[in-house]
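K.L.:
What follows is a predicted structure for the sequence shown.
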Amino acid sequence: MADQQNCIQKPSPDSPADILEKVPGSSAEPRLRAADDTRYDPTPVEQKWAALWEKDLSHYASEPPSCGKPKYYVVEMLPYPSGALHMGHVRNYAIGDALARYMWMNGYNVLHPMGWDSFGLPAENAAIKNKRQPREWTLHNIAAMKAQMMRLGLSYDWSREVTTCLPEYYRWNQWFFLKLFEKGLAYRKKSKVNWCPKCATVLANEQVVDGCCWRHEDLPVEERELEQWALRITAYSEELLQGLETMDGWPDRVRTMQRNWIGRSEGANVDFKLEGGSETKITVFTTRIDTIFGATSLQLAPQHPLVAELVDKDPSKIASLEQMIAEQKKAREEGDIGLVDKKGFFTGHFAVNPFNQERVPIWVANYILMDYGTGAIMSVPAHDERDFEFAKKFGIEIKQVIQPVSGETPELPFCTEDGVATKSGEFTGLSCAHAQKKMAAFAKQHGFGEPTITYRLKDWGISRQRYWGTPIPILYCEKCGLVPVPEDQLPVLLPEGVEITLAGGSPLTKVKEFYETACPKCGGTARRESDTMDTFVDSSWYFYRYTSPISTAAFDSEIANYWFPMDQYIGGVEHAILHLMYSRFWTKFMRDSGFIKNDEPAQRLFTQGMVIKGGAKMSKSLGNVVSPDDMVARYGADATRLYTLFAAPPDRDLDWQDQGVEGVYRFLSRLHRFISENPIRVGDGESRDFDSSALSSDARKVQRKLHQTIQRITGDFQGRWHFNTSVAAMMELLNACMVKQELFASNSEAPKAFLADVQRKLILLLNPFAPYLAAELWSILGEDQNALLRYPWPQFDPALAKEDEVEIVVQFNGKVRSRLTVANDAEDQAVREAALNDEKVKEALVGKQIVKVIVVKNKLVNIVVKG
RNA sequence: GCGGAAGUGGUGAAAUGGCAAACACACUAGCCUUAGGAGCUAGCGCCGCAAGGCUUGCGGGUUCAAGUCCCGCCUUCCGCACCA
């Protein structure tokens, strides 16, 4: 690395050799070219085509639904406009662009748009740091990144560009919010929230990682109690879960992660009354109601509302309670929840088990979580590991009520459900599963419980005490209370020129002309909601907006129904839960509101691997960041893109190697040389037909390789998307052409139409991966410059791809002993005889006995021998 | 602890149960060159002068045949984690 950098000379003003290329905003040294460097120089070529394509946007634009072609909707996750693309983006877009171009060439009406997830905190941080307004800073970044994308030659339909921070977009966030509010899916709730002191705002559960903020991984979140807007995603818990079952176009990994996140758990709620005729009851959630006869205590979370009452005013209990809460908080902050020693104390109170009227002591324990289930459990030490550990430590009774089916005495705790209830009153003798059903029904019948399904998934808190986001369209009137902003008054515009600080709560409260307003109902004084929406709201539905960026609605339902669901969605796996769960929820809400018909946003999801270097994620602190601009300046956009596809299969992490880019660049140079030195042009009057059967054997070799290559690349697109092997196949094809280079020379005897066919198809195959060079070579061949994207993808002929002869290995017990060449698809019997008559085989057979001969067509003969 | 993915040359990697290492990178030698940071040719898993032998994290198994399938273990990465 260091060596390589030392090799690159500094440009000197008087050097005649230093030509070209400095991408705006790039810190890269321009690549110097020696005078006799014969390699392809991508910069002028790529810039020429980029300029052409920018002027002629129709070159990319999707066609109307009525075009008669089948639709194909492919979206790459839209970026946050941080100011510059990184290699992860390039990889993501290179994959999507290859697919879009391939589908275009296969006759589809392709929608391939791009946009900007442009609300969010970094703009505010930049505002504080550089005294620039978030809007101006953001729009500037968008312009810079759009230029980068254009330079990369990505085939986006820019007429549909979505910028979430602009009123024409976020007004529809507000509009949807009102719809959600009407349906009761948006509501206000006072709750303990995760507060990041650095972001000075609330985080959703999904945005808390190991007790820390997802943006500040070492900074523990604080707990605060706030009034918050929440979206009732839990109304769809079951459907979000069920949907995963049939979403086989999504990676299993993502589906599993979502399944775990939703965390469905089937069980029962059971009420335990306090002892002494009190009507106060403690509701516990259990998945093992079948063990309830073994419950020997109740355990409450330290934050359980009843605890304050139960500890009375006992100072020692209050002290241990406070200590417990503090420790739990600390453990949470350190991500150690689950490893903490179990602690607890007896409250001095008892409750009554409604099944057997036994009195059970009520404890408070640090291993009970207030935010799961009811925050209280019945403790069954004999049949739960955690309860067992706790009971042992504190001397609580352990009572076995489940027996193994075998009837043996089990070692406790005995936690499997493969057992039979014992000492359980009228339920004794029932299997666990059976007992669970009967007992839950019994509880319901007697009014002290019911079957219950608990989900880990929580409602989505969307209030953010920040400036740079969508204002929530709600007013608080002194008389009328909470009033939604009438639809015709949308958008609620985000005020400009606001002073931004991270201290002192929401910046919007300080903007008088925004904050203080009149009630639309009564005209009295009202104040506006000063919180803005989580930016995941923006990204939950942006891909619908792409289909019809109109001013009169969020999107046109009819057109959305034409394009949706997305055929392919492509992005990083880091969004497996947050963005992808919220978007699924949003789609279901819109479907139930009649705006769309699809149940899920995307038919297929592809999650590409990360781009890493030296085994670590690229980061400024590690100093291992590779800038796309530098790569584009040195090797061109084609080579940069091609390398991201070549270096690893797209679903795997890609370990960036600076020297690896050289390799694909060399390939492109060689290809450029191969065609530009001897372009085979077919004139208007000339026939493109030729007779394959009349080709020379060398020409046939090239033709065969061509058809094999088409077959492989087509297969890669249709199958696993292992574009690394597609690129390798193209390299092999070029190598095969170069070996027979004299075929393509001007004095060649091969039919011109054939040679032209090879060159043209080679370029067509290249087009999805390196569109600039493809366009350049296409025009060198004198073909219609603008038609490449719509030109049909080459078809392979299996007969032409087939080898005439194949080499067969002859094995003895699986070890290669000889090789022979036979006709392709030769009969097994003939191959067997040829093998047995082979000199080497005969030699090796001396003194041995043939047990069996296995012939695998076109592959091998395995002779099983003895002795 | 639970769940998932991965482990193949110096490196990135390839291989519908059928010749392991395609395609590249790096390296070595040669050609061409004032020069090489261009281009071209050849070599390049390991051991061995060779014949040949060995080789896909480790150990078993299935099979005529295993990188690939099955069982157990190890390592790395990812997700979840006192979820009742």
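P.N.:
Arrived safely, thanks for sending. Numbers count the residues shown, from 1 in each chain, chains lettered A, B, ... in the order given.
K.L.:
Helices along the stretch 751-867 of chain A, start to end?
P.N.:
For the stretch 751-867 of chain A, applying DSSP state H, counting those that start in this stretch gives helices covering A:752-766, A:771-780, A:798-801, A:828-836, A:839-845.
K.L.:
Burial-wise, tell me which of these comes out on top.
P.N.:
helix A:771-780 (a mean of 24; mean count of other C-beta atoms under 10 Å). (Each C-beta comes from the backbone N, C-alpha and C, glycine too.)
K.L.:
Can you list the low-confidence ranges for the stretch 301-450 of chain A?
P.N.:
A:332-339 (pLDDT under 70).
K.L.:
Correction: the previous question concerned the stretch 51-200 of chain A.
P.N.:
A:58.
K.L.:
Spell out which residues of the stretch 351-500 of chain A are next to RNA strand B.
P.N.:
Contacts of the stretch 351-500 of chain A with RNA strand B, taken as C-beta under 7 Å from any atom of the strand, map to A:366-370, A:372-375, A:377, A:384, A:386, A:454, A:456.
K.L.:
Pretty sure A:Asp658 sits against A:Val626.
P.N.:
Yes. The pair A:Asp658 / A:Val626 is scored as a contact, 7.4 Å apart, by C-beta atoms under 8 Å.
K.L.:
Which one of these two is surrounded by more residues?
P.N.:
A:Val626 (18 against 14; other C-beta atoms under 10 Å).
K.L.:
List phi and psi for that one.
P.N.:
phi -110, psi 120 (degrees, to the nearest 10).
K.L.:
ok, it - contacts?
P.N.:
A:Val626 sits next to A:Met87, A:Val611, A:Lys613, A:Met618, A:Trp656, A:Asp658 when contact means C-beta atoms under 8 Å, 6 or more residues apart in numbering.
K.L.:
so what's the fourth one closest to, chain neighbours aside?
P.N.:
Distances taken as C-beta to C-beta, 6 or more residues apart in numbering put A:Val625 closest to A:Met618, at 4.7 Å, once the chain neighbours are dropped.
K.L.:
What's the local residue count around the one you found?
P.N.:
Applying other C-beta under 10 Å, we find 15 residues neighbouring A:Val625.
K.L.:
next one: A:Val364
P.N.:
Per other C-beta under 10 Å, the neighbour tally for A:Val364 reads 26.
K.L.:
Buried residues, the helix or strand hosting it. List them.
P.N.:
Using DSSP states H and E, A:Val364 sits within strand A:359-365. Buried residues in strand A:359-365, defined by neighbour count with 16 or more other C-beta atoms under 10 Å: A:Val360, A:Pro361, A:Ile362, A:Trp363, A:Val364, A:Ala365.
K.L.:
Does anything pack onto it? Which helices or strands?
P.N.:
On a contact count with 3 or more C-beta pairs under 8 Å, 6 or more residues apart in numbering; DSSP states H and E, strand A:359-365 meets strand A:297-300, helix A:307-310, strand A:344-352, strand A:376-379.
K.L.:
Reformat those as CSV; add distance to A:Asp252 and mean neighbour count.
P.N.:
CSV is the format used below for the helices and strands packed on strand A:359-365 (distance: least, C-beta to C-beta, whole Å; neighbours: other C-beta atoms under 10 Å):
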stretch, distance to A:Asp252, mean neighbour count
strand A:297-300, 36, 24
helix A:307-310, 42, 16
strand A:344-352, 40, 19
strand A:376-379, 32, 25
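K.L.:
As JSON lines, the ones you listed with distance to A:Tyr102 would be great.
P.N.:
Shown next, in JSON lines, are those (distance: least, C-beta to C-beta, whole Å):
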{"stretch": "strand A:297-300", "distance to A:Tyr102": "59"}
{"stretch": "helix A:307-310", "distance to A:Tyr102": "62"}
{"stretch": "strand A:344-352", "distance to A:Tyr102": "62"}
{"stretch": "strand A:376-379", "distance to A:Tyr102": "55"}
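K.L.:
do you know which of the ones you listed lies nearest A:Glu223?
P.N.:
Closest approach to A:Glu223 among those is made by helix A:307-310 (16.7 Å; C-beta to C-beta).
K.L.:
which residues sit against the closest one?
P.N.:
A:Leu300, A:Ala301, A:Leu321, A:Thr347, A:Gly348, A:His349, A:Ile362, A:Val364.
K.L.:
Farthest-apart pair in those residues, please.
P.N.:
So, those by C-beta to C-beta: farthest apart are A:Ala301 and A:Gly348, at 17.8 Å.
K.L.:
circling back: show me which pair in the residues of the stretch 351-500 of chain A next to RNA strand B is furthest apart.
P.N.:
Pairwise distances across these (C-beta to C-beta) peak at 20.6 Å, for the pair A:Asn366 and A:Thr454.
K.L.:
re earlier: if any of the contacts of A:Val626 are buried, give me the ChimeraX selection for them.
P.N.:
To isolate the buried members of the contacts of A:Val626 in ChimeraX, using 16+ other C-beta under 10 Å:
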select /A:87,611,613,618,656
